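A.B. asks: One predicted model, sequence on top.
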Amino acid sequence: MIESLVERAWGCFFEPSGHKTVEKLKVPWREQQEIGRGQTEKEGRANIPEDLPNKNAKLGRRGRSVSESECPQTAMVPEALDEAFRQMLAELGLSEEKQRELTAQSREWKWRMLVAESEKRTKKGYCDTSRECEHVLRQLSSLNGHFPDSYELPLAVQRVEALAATLRTERFSFIKQFLHSDGLSMLVSLLNQCHYRGPSAEFLALPLLASIRALLNSTIGRQCVQESAETLRSIAWALQLQSARCKVLSLEVLSGLCVVADFGHRSVLRALTEAKALLGERTRFQRLVDDLHREHGSSPKETDRVRVAVMSLVNALLKSGPTEHSLEFRLHLRHEFLMLGILQVVERLRSSSPEGDGSALGDHLDLFEMMRQEDEQEMRSLSDSGSASPIDFESPSGMAEVLTQRLDNTLALPHLVSLFQHLLMVPADERHLPLWRLFDLVLQQLTLQSAMGGLAPHGADPQFGQIPLRLDMDDLLARLNTQQDYERLERKLRETEQELEGERRRLMELENRLSDLQDGVSLASFSRVSEHSASSSPSDPCHSPTPFCRSSALPPIRPPKNLAPPPPPPSALQLRSFGAIPSSSSAAFSSSISMKIVPKPKCTLKTLNWKQIPADQIQGTIWENIEDDRLYKQIDMEEICEQFVAGRGTGDEIAAEGLGTMQRSRPLLRQLEQISVVEPRRAQNCTIMLSRLKLSHREIRQIVLAMDERAKLPRDMIEQMLKFVPSKNELQLIREALSQQRKSPSSLALADRFLWEMGQIPRYDQRLKCLHTIRSFNECLSVLRPALNVVTRTSVQLSGSKRLRQFFALILAVGNILNHGKRAGNAFGFSVFSLDEIPTVRSSSRPERNLMHFLVELAEQKFPELLRLKRELGAVSEAAKVNRIELEAELHQLQRSIRELAAELSVHERVIEKGADHMTTVDSPNSPNSERTNQQQNRGGGDRFIPVVRAFLETANREMDELRAEHRAMAEKFSECARFFAATDPKKGDPSPDAFFCTFSRCFNTFAECYGAIWAEREELERTKRQTLARTVNSRKDTAKQRRKERMLRSDRDFESLVHMLQSGELFSEHLGRLRTSLRAANGKKRRTTAAGAVPAGGAFSLAVQSVMATG
């Protein structure tokens, strides 16, 4: 029974030639199932489910006959069964993962799947694959050889349409044979010919595009199409056809290829770039923007389909391939579309479409615009321009300003300025337009290379591969680094040379100083040398006799006999005479030369480091007949001594130097001769104070005499000056020092001079205290008056607050309930200071809560107006900071200062009236009469004490009267408030305002904290509920996402499903939903509102989400 059934089952794979259908299995399926079960039980394996044949029928759509050379009797051999099953899987064109999964099944399962596939093939009546494919290829070859005319065109269209249907439904072996026989090349050739055959040829272009699209449903067909640049270029060229259906098919194929594989985006971008010349575009993507703007077909529906297809391709280009992970490349492509005016087209489409229509076009427009906004926001965050205003990417001036701000205070700013300067030199006429284009392309290449890292821009964007100029950024940077290294080394070389030159000059200076010192020592030590010999000695230290004279170990050098004594210092000629005998001519010339008579300067001068020419080499040169002796009388020796004096020599030389050196050392001498008798630490602090004051002694004196009417002295500096009031002892010491040394006050040190000058001002200490009182009076008022007012206002508010009275009533009621039957129960009132005891009563059920939490919840439910108690009595916290003792002490201090100021004014007025000068606190070091004369001049000229103080006292007395009145009002109101709340102690009197109001402030703050804690707890509960709900919703979304993912995996085989998801926007629905949520939260409002009863703006995706939520 089993062998018979197996023979019948395998017989379906051996179709006799010349017959389209053969009689297949006659045994009913139920009987086959029973047989299968018997076989399984016979082999001791698990039972096979009854619904397995239905599942197997879904796994494959096509079959392929096994070779007729196989024998049916050996079909059930395991090796033969596995081979047949492997051939069937190859016919189905499944992925490797699916093939491995199916191959791991049992032999019975494989056998039943073979039988099911055989039955399906029998019902469809498949013919021989090879002969059918050859027939189709012959027809395509005929059409390529002879393009159909208008009469033959309908028949040709029918044949190509049949081919498209065959390619969608045929077996894998058919498609493989069709591609290996150059069937795709024939389709492309026919499609290219349609562009030259007139408008009627577009009827044939439509099924040709459909055939190419059908090939994309198989893996091998999709691979061949993607690898064929000619095919993709022809598909992109088809955008030039006028038929709306042809445009839609071409756009769908290109957009689908962008997302179906990793290299699909690059292939489509290359096809659109290469088709630019075929489409007659000035720039890439121009045809896409034109088709989005124009009307197509005879109905609005066809126009919408074209626009949806165009936006699908645009979004696919911006959301797949390298653009998915590279912000810079995404901005690069989008800028091309923006330069073509796609933003204006999008706005026009939005304005023409009804609000909230929820169409697929609206979803694609939303995706394009929201992706642009998100990328621009990310670019703003990366640019770090430092400006609060957003970057306008469409404004050249705005972007230039941002660039300037970014590169400010950097080394790149000069390069930006140079770039702008050179761009200004380029003309803007049409003739130089290609130059601007070249600048654009070069900059695009460099920026993309730096941004995309290892991915070359000409690999990601094919348009860079078409231009002859290819820039290798690594090579350019290496060259620039080499140039920069060269410039750096050259700059370092120049700096080193400058340092070397400076060191040479410094060395020469040191040699000059050393020579000057040596010359001075030589003149002091060897005064026995005659004036003639001293003046004729060379000044060059190399030839100076100093080293010989300073060495005590060497004997003195005796002069030759031919020279008259006294001997001059050894010259170079003489030194050479010791080692060699001169020639006869040189000796004769040397004997004829007499020593020069050079006038002796009054002091040691600096050395001129020249190189002497030996006397034996003078003959026949310019120096032989020069007579410099006549010039010495015309040189001013005093001037040359003053300007070129060297280091100090002996005492006689210093006296001979005259006033020149004394004038230069005068600041140093003055500093050394300054007199200081003040204690060093006090003098140092006084000097620091004067350095901060930045005023001269004369200016400080005038300011103090004028009572600082122009407010040049800050209040803190007046306080510092009060610390450095000169005492009688200090003034006496200064006077004695000046008298003993017979010096003027200008010889005093800085601090001593300040104390001396301030001591000459009449009543300087009292005057400075009065000035401090005047300057600090308004500040004291600004502190005292608000404190008095806040206590008064708070006392009135507490006494008249109805909410506070109701709050106290609530506390009293709850307290009496808690104290029922106790000693503290049945109370008619409670002390204000008992408010601090409310938080100490803990809850028994919830220890983290207390009585205040209960009062808050009770007030929220029954007395909601009590929740605004703290806001109504907000001044309590300010009044709690006022200390009555400190307030009254400051008030008394201010009054005492005003009285002292009035007393000092009376003293000055009496002195003026009597004409006496008893205000003087110190006497002059010269004579009392002169000092009193100076004091009278101080009072007469520049002393503004009396008018300034008199005017101030008039205002201050009036302010003090008002302040005392406010203090009395504050005391009365606070006393009434304390009595109102029964806070007055019969023995101690009224409490302090800070203690009284602090009790209320702590109570209100605790009340607010408890209210906030309750709300935080409620929000936490709400957050927990939302998280639970969100997890439920997310699980449903994950399920829906998994289903979409599975559809995507299936779309790897079914290209039609992928195109449908792309056109409807479902492929980008998750990203679109995230963008809508984030941008709505960022902008604070929706860009478009949804009308009542209308479809939401999310389109199909929003409806899908709503349906998922509803089903949940």
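C.D. replies: The structure has been received and is ready for your questions. From a predicted model like this one, the values you see are computed outputs, not experimental measurements. Numbering: from 1, shown residues only.
A.B. asks: Report the buried residues of stretch 686-697.
C.D. replies: 686, 689-690, 693 (16 or more other CB atoms under 10 Å). To be clear about C-beta, it is placed using only N, CA and C from the backbone, and glycine gets the same treatment.
A.B. asks: could these be laid out in JSON lines, adding distance to Leu755?
C.D. replies: Formatted as JSON lines, the buried residues of stretch 686-697 follow (distance: CB to CB, whole Å):
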{"residue": "Cys686", "distance to Leu755": "7"}
{"residue": "Met689", "distance to Leu755": "12"}
{"residue": "Leu690", "distance to Leu755": "11"}
{"residue": "Leu693", "distance to Leu755": "14"}
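A.B. asks: Pick out whichever of those residues sits closest to Pro414.
C.D. replies: Nearest to Pro414 among those, counting by CB to CB, is Leu693 at 43.4 Å.
A.B. asks: for that closest one, what are its contacts?
C.D. replies: Each residue near Leu693 by CB atoms under 8 Å, 6 or more residues apart in numbering is listed here: 700, 713, 717.
A.B. asks: Find me the pLDDT at the first one, would you?
C.D. replies: By that I understand Ile700. At Ile700, the pLDDT value in this model is 85.
A.B. asks: ok so, going back, now, the buried residues of stretch 686-697 that are in helices?
C.D. replies: Judged by DSSP state H, these include 686, 689-690, 693 as members of helices.
A.B. asks: Which two among these are spaced furthest apart?
C.D. replies: Cys686 and Leu693 (10.3 Å).
A.B. asks: before we move on, the earlier item: can the buried residues of stretch 686-697 go into TSV with extra columns for pLDDT and distance to Leu781?
C.D. replies: Below are the buried residues of stretch 686-697 laid out as TSV (pLDDT from 0 to 100; distance: CB to CB, whole Å):
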residue	pLDDT	distance to Leu781
Cys686	88	32
Met689	86	28
Leu690	85	31
Leu693	82	27
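A.B. asks: List just the nearest of those to Gly280.
C.D. replies: Gly280 has its nearest neighbour among those in Leu693, at 82.1 Å by CB to CB.
A.B. asks: Now do that closest one against Met717, distance only.
C.D. replies: As judged by CB to CB, to the nearest Å, Leu693 and Met717 stand 6 Å apart.
A.B. asks: Equivalent analysis for Gly825, please.
C.D. replies: Gly825 is 65 Å from Met717, by CB to CB.
A.B. asks: what do you get for Arg294?
C.D. replies: Distance from Arg294 to Met717, by CB to CB: 80 Å.
A.B. asks: Looking at these two, which has the bigger crowd around it?
C.D. replies: A count of neighbours by other CB atoms under 10 Å puts Met717 above the other of Arg294 and Met717, at 16 against 11.
A.B. asks: Could you give the backbone dihedrals for Val645?
C.D. replies: Geometry field for Val645 lists phi and psi as phi -70, psi 140, criterion degrees, to the nearest 10.
A.B. asks: Surely Ser150 touches Pro199?
C.D. replies: No. Ser150 is not in contact with Pro199 according to CB atoms under 8 Å; the separation is 10.9 Å.
A.B. asks: quick check: longest helix of this protein.
C.D. replies: For the chain, the longest helix by residue count, based on DSSP H, is helix 993-1051.
A.B. asks: What average pLDDT does the following helix or strand past it get?
C.D. replies: Next helix or strand after helix 993-1051 toward the C-terminus (DSSP states H and E): helix 1055-1064. Average pLDDT, helix 1055-1064: 76.
A.B. asks: what is the orientation angle of helix 1055-1064 with helix 993-1051?
C.D. replies: 150 degrees (axes from the mean of the first three to the mean of the last three CA atoms, to 10 degrees).
A.B. asks: now for helix 1055-1064, which elements pack on it?
C.D. replies: helix 244-260, helix 300-319, helix 993-1051 (3 or more CB pairs under 8 Å, 6 or more residues apart in numbering; DSSP states H and E).
A.B. asks: So for it, what gets flagged as buried?
C.D. replies: 1055, 1057-1064.
A.B. asks: for stretch 130-149, same thing?
C.D. replies: Buried, per 16+ other CB under 10 Å, within stretch 130-149: 132-133, 136-137, 139-140, 143, 147-148.
A.B. asks: ok, and what's touching it?
C.D. replies: Stretch 130-149 is contacted by residues 155-156, 159-160, 163, 166, 170, 174, 177-178, 181, 183, 186-187, 189-190, 193, 197, 201, 204 when judged by CB under 8 Å, 6+ apart.
A.B. asks: for the stretch 651-800 of the chain, what are the low-confidence residue spans?
C.D. replies: For the stretch 651-800 of the chain, the stretches with pLDDT under 70 are 651-673.
A.B. asks: same thing but 90
C.D. replies: For the stretch 651-800 of the chain, the stretches flagged by pLDDT under 90 are 651-785, 797-800.
A.B. asks: The closest residue to Gln797 other than its chain neighbours and Arg803: what is the separation?
C.D. replies: Spatial nearest neighbour of Gln797, excluding adjacent residues (CB to CB, 6 or more residues apart in numbering): Leu873 at 5.7 Å. Using CB to CB, Leu873 is found at 8 Å from Arg803.
A.B. asks: Now Leu887. Nearest residue, chain neighbours left out?
C.D. replies: Leu887 sits nearest to Ala787 (CB to CB, 6+ apart), 5.8 Å away.
A.B. asks: So that neighbour lies in a strand, does it not?
C.D. replies: No. Counting by DSSP: H, G, I helix; E, B strand; the rest coil, Ala787 falls outside a strand, being helix.
A.B. asks: domains of this protein?
C.D. replies: As assigned by automatic domain parsing, the chain contains the domains 2-127, 504-530+540-664, 673-759, 1023-1111.
A.B. asks: Burial check on Met970, number of neighbours?
C.D. replies: The tally of other residues near Met970 (other CB under 10 Å) stands at 22.
A.B. asks: For the closest residue in space to Arg842 that isn't next to it in sequence, give me its contacts.
C.D. replies: Nearest residue to Arg842 in three dimensions, chain neighbours excluded: Asn850, at 5.3 Å (CB to CB, 6+ apart). Asn850 sits next to 838-843, 1010 when contact means CB under 8 Å, 6+ apart.
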